[in-house]
Every structure is written in structure tokens, then in C-alpha cells.
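Chemist: Using only what follows, build the 3D model:
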Amino acid sequence: QVQLVESGGGLVQAGGSLRLSCVASGRTFSSYSMGWFRQAPGKKREFVSAIRRGGSTGYADSVKGRFTISRDIAKNTVYLEMNSLKPEDTAVYYCAAKISATYYYSWAEYDYRGQGTQVTVSS
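Modeler: Model prediction:
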């Protein structure tokens, strides 16, 4: 069983930055592809970004150029650097892990999921 714990959320003004972290338990972190998702109040959970086991990355169009996903295998951690934040980025952000060489855009495809961290961007 893998546990994922997110942190780094908070309240920030529009234009500001935050860095989210997701720490995974277990010894096979390098085997996972990792994804970040978010869910705003009254909306469906949506794909934000992901990183393949091999290191290539993908982003939703809404965050491309502003968010950067990265990972530190030695620390079993995946990060989401969020810059130029907008009020519409306000959501609970979740990380997820898939034992796969590739990532998926659907939350349901992932094997393990975190509990989320709140990000609030004020205007």
C-alpha cells in the first residue's frame, strides 16, 4: 500500500506563487508515474499535470507556462510549482500515483490518491 501526503497549499494573492509537495511512502517511487489533479467547489476534478516514470511531463492547457511539475526520487516526492496564480486556480489539489510508465488524464486510472491540499487565490 502506498500513501500520498500533499502539503504546501494556502492562501495567496493573484499573481503569487506556491509550491505543492506530495510525499509517497514505499520503496518503489521510481516505478510510478505521478499526477496532480484539482477540484474547485461545484466542479469536477480535473487533470492539472503529470510526470511519467521516465521523466517527461504534461500539463493542462489552463496551467501550461505557469505550473511546473518535478520530482525528487531520493525524497519520494513530487512537486508542483505554481506561478502567476489566478483566482480560478482556487481548488483542492490532489496528487496520485500510477504504477505505470505513462500517466493518465483520468483520476480513476490512478492506483493511489492523496487527500488533497487547499489552494486559495484571492483577487
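
Chemist: Val48 - how many residues pack around it?
Modeler: Val48 is flanked by 24 other residues according to other C-beta atoms under 10 Å. Using the backbone N, CA and C atoms, a C-beta is placed for each residue, glycine as well.

Chemist: Which residue comes closest to it once chain neighbours are left out?
Modeler: Trp36 (4.3 Å; C-beta to C-beta, 6 or more residues apart in numbering).

Chemist: what's near enough to touch the one you found?
Modeler: 20, 22, 48-50, 69, 78, 80, 93-96 (C-beta atoms under 8 Å, 6 or more residues apart in numbering).

Chemist: Narrow these to those in helices?
Modeler: Secondary structure from DSSP state H places none of the contacts of Trp36 in helices.

Chemist: Tell me the most packed of these, by neighbour count.
Modeler: Cys95 (31 neighbours).

Chemist: Find me the pLDDT at that residue, would you?
Modeler: You'll see Cys95 listed with a pLDDT of 97.

Chemist: what's the offset of stretch 51-64 from the middle of its chain?
Modeler: Between the centre of stretch 51-64 and the centre of its chain there are 10 Å (C-alpha atoms, centre = their mean, to the nearest Å).

Chemist: thinking again about what came up before, tabulate the contacts of Trp36 (JSON lines), appending distance to Gln118.
Modeler: JSON lines is the format used below for the contacts of Trp36 (distance: C-beta to C-beta, whole Å):
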{"residue": "Leu20", "distance to Gln118": "11"}
{"residue": "Cys22", "distance to Gln118": "14"}
{"residue": "Val48", "distance to Gln118": "14"}
{"residue": "Ser49", "distance to Gln118": "18"}
{"residue": "Ala50", "distance to Gln118": "21"}
{"residue": "Ile69", "distance to Gln118": "19"}
{"residue": "Val78", "distance to Gln118": "18"}
{"residue": "Leu80", "distance to Gln118": "14"}
{"residue": "Tyr93", "distance to Gln118": "8"}
{"residue": "Tyr94", "distance to Gln118": "11"}
{"residue": "Cys95", "distance to Gln118": "14"}
{"residue": "Ala96", "distance to Gln118": "17"}
